[in-house]
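Peer 1: just coords:
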């Protein structure tokens, strides 16, 4: 079909296809198949429905678009280019998948304006979308007034077969159906092909029926390759259903237009090759050189710039009215958008003395969360069905449920991974909300992919993890973290804090809230069991990651290092050794990466190189501790799986007793 | 209702309930609610259908039973006790959740005979069940003869709301429906309560409809509390459907019989308390003291001993006939059951010289897998939709599909977590099969909970992980492992091997196969990119975890340590330094835990304490390396997220070049 016979819409769609084809071809790497097949639905969505302002990608009330099938990234880059975003130029597209380009292999929100969330690990994007829709519903319920809809946008997601096979998407979509998130609209690129070939080899379930079972509004566009009106009608019908999220199955042909590779796995994740590119050009009647988009197409898509400016202008008027009428709400809302904390917010965090009652740090966490919620209404979150174990409820405030979206307490169900991706989505709604998600520390294993993505994609989430050691007790080895702290400390950009008592819990929350506002996640590890409040701990010093809790005069002979519930053991053993005339320092090291970020002088002041006799005490794996105890030091640790018994018995049996710490310390002292 | 008016069956069911109630009460810890509600279905299943031999819990052809809702462990312990297993005595039940008891908080297969798989982390058990059913189907298809059904058993699973909320169960059950595993029968304890209260707060999907969408045969027993015949009829109907797995929703009341706590979250995970126990006794007409089961009940349930001996005797006859008629198949089958490897199996593993062509280690892995498959027909596995990237296909053999269960190549779909739990199930079928599961190394994050369970529950799985560093290239940071190796090395009982070349890949498979037969998992990390074969590497030495590849005369001044693709950098840098007159040793450290398991003399011979100038090179996080480089050493590592660019560019930019290694080495040498 020659260009002359193609409609402007067809030309737009083909321009998306060929930008993808040519960029992948040049990079000799990438995934042309999805952009070629999904271009029609993406075009209809972006051209007719998606509300955004390309010249202000962060305009608050924009519709959110997520390409959950992130390997099809060229689809998104082509759209960003065509629709007038400055973040992706044609030169950027030529640099697809090259070092430091704006067009990396998968969409990265921190690299490219217009990309809302990082996608690529399958299933995460659609689950992030549930988070974005939750954020929208929450803010709308809290701030909108009958005459002033300050918050009013859709969240659109394109997802593929891979996303639908992943459990995380099932968890999040089941929850979205439960919540009835009517402004979440997912378009399923049903192309029947995954990397191993036809989905017939592994994935023959009735996906639409599954989404119906979740409580979604479900439609099917049978010809997603050419039926643009069908796609449009489905989107309109989806928008008209306001009490359910919408799932639109759009049947397409992967690699549409490629005479020999369409509808094969060969077009999923590899360049077409020069010959097939030429054949595809001929087949689709595309007469232009690589990376050339005719001006009339750019003229058409470029109208989005003016349209977008208009959207923002209209909204600015609403906002101005709102500010005039509701100055208090507007001030709070504006503080959110500016990423600011209210003055003196951290004054609510309690401090403790050694005389205060011993409590589990999870209980201190509950206190902090509740005191913070009183001054930081942007806190929203909950637990994966362990609310009263994690102690994460904001008391006196209701549950976030269908029709009650103004409330902050989310019951995620037993869906750790879904919770993780949803919290990331809430954070990346970029509206100042601070999401938190809670479960037992061991079950970070279920949601690790999302925790990693919070660190990578700069999502300011607080991960509240309780039952942080074998002190957990009777539930036994499946529920007792051993290697978990090490595995989390190793994640770049994730601050892991294991506070020892009330003061350090307050300090941990201070860090976590500040980091959240800087778009950085923090994971907090709390005890199930009681721990005493210690004389030398400090709210402020947690931010330094490590500090001296008890010291001797002059250079110590031995440094005892503890974290969390074991700092107390180090302190008590230190006292006994001091009473025996030894010079001992006790160091608390609740957050390794924060300590590493201190200057060399500070680190040397806490852990002087000259003191090589060092004993760390932590009811967890020794993995990683040699960085601090060196080759001459030792670690009281547990390097096997735990056991089912009362927590105190477990700790004692595994050597977390003052006697054992003393014995190991004395061995080091010689 | 007084005892006198209760049927024997009702008394049996109440005995299960009160064993659970009393054990939890004594331990002051545990979950009475599920056993109280699920006792009827469990009783009907165990009493009328489940085929097992209590005096030989490992009898091969037993039906497998999994309590996926593992927190209800007392249900299983009560059944094991009542039905004549020696592993659980009444004294053991009194020791519920105590140190080293046979009745830990959650069922642990390595603690208690009769427990097939460790459960507790929700969703894993049902997914393990899919693995058990796959193992049964595979062995039946391979070994059964029309007149001799050597392999012929069901896999029964009891799962709860929590299991059904977890994504891993969705992944595995979608796959089970695809495969049409007719001998998998799941009973869903539909009690509407999870820890946060009514499932109405988070989980309102139509679960049955979802399972229909997966392709399961679905039934509903509306009164699971008292309708024993309804339960029985549903199980019979499920058995009659041979081409689909069966899902029986059994609606029950959690904590059935407790006047004040039934149907509340309060009975889920806490002891009833003395008063409520007394009221429950009264309500259910249970006149016996704690831990007392009347003899007529024990007489009834104890008939399972004779019944079981009969089952095994019948099977032994079938097996004897089979051996006579099919000696070759029988010999192979018997070797499986004995956990033996055929003589000389490892001779198929290739070795290489430095002249052999540079290849990716994933390519060497493919060679090993295929050569091993020729001598080890017990290999069965595949990839989570990355078959031709992971290179895990056993060539010339077919796909494991419905009706083709004899084939070893499993297409798991994009379901890493499901794959993990399924592989664990195949291993824990305990029939000598060696399952392997593959994906990109980074996506171990999706399946970490299952990898951990393989290590905890002694499942001899081989985890085949490719694209093991930033050398992965263009896919970018979401696909590039950084902290992944560290996070896996930290897991107890999991051997992680990162081979440098062809010889080490062969050595890695030798270790992995041997460990699998010892019920221990191994994770192998392979490159995407080419690596040269090195002169000093050794197949045999991989088993030692670390060894000297190149050495100087006498004590070295510097030790360079490398793993995987970076060993080559260490060797080349070492050569250059040697040419400059430095005394340098190069050590390969492919498997840390295997090295740690060597005696002190060997370790000292490889890494002498006196040599403190040590430089490790690994394209991954430095986390954990200080154990080997000490406080005076250094690591060429990457302690941030990766980037999208061609793999060679990534490696160069992040310092994985001979020049950078040389520069760091010279700095250490001073």
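Peer 2: Nice, I can see it. Treat the numbers as computed from the prediction; the structure is a model and nothing was measured.
Peer 1: So for residue A:69, what's the nearest residue that isn't a sequence neighbour?
Peer 2: residue A:160 (3.7 Å; CB to CB, 6 or more residues apart in numbering or on different chains). The C-beta positions use only the backbone N, C-alpha and C, and glycine is treated the same way.
Peer 1: And for residue A:549?
Peer 2: Nearest in space to residue A:549, with sequence neighbours left out and distances taken as CB to CB, 6+ apart, is residue A:536 at 3.7 Å.
Peer 1: The one you found - how many residues pack around it?
Peer 2: Here the number of neighbours of residue A:536 (other CB atoms under 10 Å in any protein chain shown) works out to 17.
Peer 1: okay, the residue nearest to residue A:69: pLDDT?
Peer 2: The confidence metric pLDDT takes the value 98 at residue A:160.
Peer 1: you'd agree it is up against residue A:191?
Peer 2: Yes - counting by CB atoms under 8 Å, residue A:191 is a contact partner of residue A:160 at 7.1 Å.
Peer 1: Can you work out which residues contact both of these two?
Peer 2: Shared contacts of residue A:160 and residue A:191, defined by CB atoms under 8 Å, 6 or more residues apart in numbering or on different chains, are found at residue A:34.
Peer 1: related to what we said a few turns ago, residues contacting the residue nearest to residue A:69?
Peer 2: If a contact means CB under 8 Å, 6+ apart, then residue A:160 has A:34, A:68-69, A:72, A:122, A:188-189, A:191, A:194 as its contacts.
Peer 1: Wait, residue A:156 touches residue A:48, no?
Peer 2: No - using CB under 8 Å, residue A:156 and residue A:48 do not qualify as a contacting pair, with a distance of 11.8 Å.
Peer 1: between the two, which one's more packed in?
Peer 2: residue A:156 (27 against 13).
Peer 1: ok, the strand or helix carrying the more buried one: who's next to it in the sheet?
Peer 2: Assigned by DSSP states H and E, residue A:156 belongs to strand A:155-159. Listed by DSSP bridges, the sheet partners of strand A:155-159 and their directions read strand A:64-67 (parallel), strand A:184-190 (parallel).
Peer 1: Reformat those strands as TSV; add mean neighbour count.
Peer 2: Rendered in TSV, the data for the strands paired with strand A:155-159 read as follows (neighbours: other CB atoms under 10 Å in any protein chain shown):
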stretch	mean neighbour count
strand A:64-67	27
strand A:184-190	27
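Peer 1: Out of those, the one nearest residue B:131 is which?
Peer 2: Each of those was scored for nearness to residue B:131 using CB to CB, and the closest is strand A:184-190 (28.5 Å).
Peer 1: From the chain's centroid, how far away is the closest one?
Peer 2: On the basis of CA atoms, centre = their mean, to the nearest Å, strand A:184-190 is displaced by 21 Å from the centre of the chain it belongs to.
Peer 1: ok, now which ones touch residue A:126?
Peer 2: In this structure, residue A:126 makes contact with A:66, A:68, A:157, A:159, A:163, A:169, A:172-173, A:186, judged by CB under 8 Å, 6+ apart.
Peer 1: try 6 Å this time
Peer 2: The neighbours of residue A:126, taking CB atoms under 6 Å, 6 or more residues apart in numbering or on different chains as the test, are A:68, A:157, A:159, A:163, A:169.
Peer 1: Now the first one. Its backbone dihedrals?
Peer 2: The phi and psi values for residue A:68, taken as degrees, to the nearest 10, are phi -70, psi -30.
Peer 1: Which residue is the nearest non-sequential neighbour of it?
Peer 2: For residue A:68, ignoring the flanking residues on the chain, the nearest one in space by CB to CB, 6+ apart is residue A:125 at 2.8 Å.
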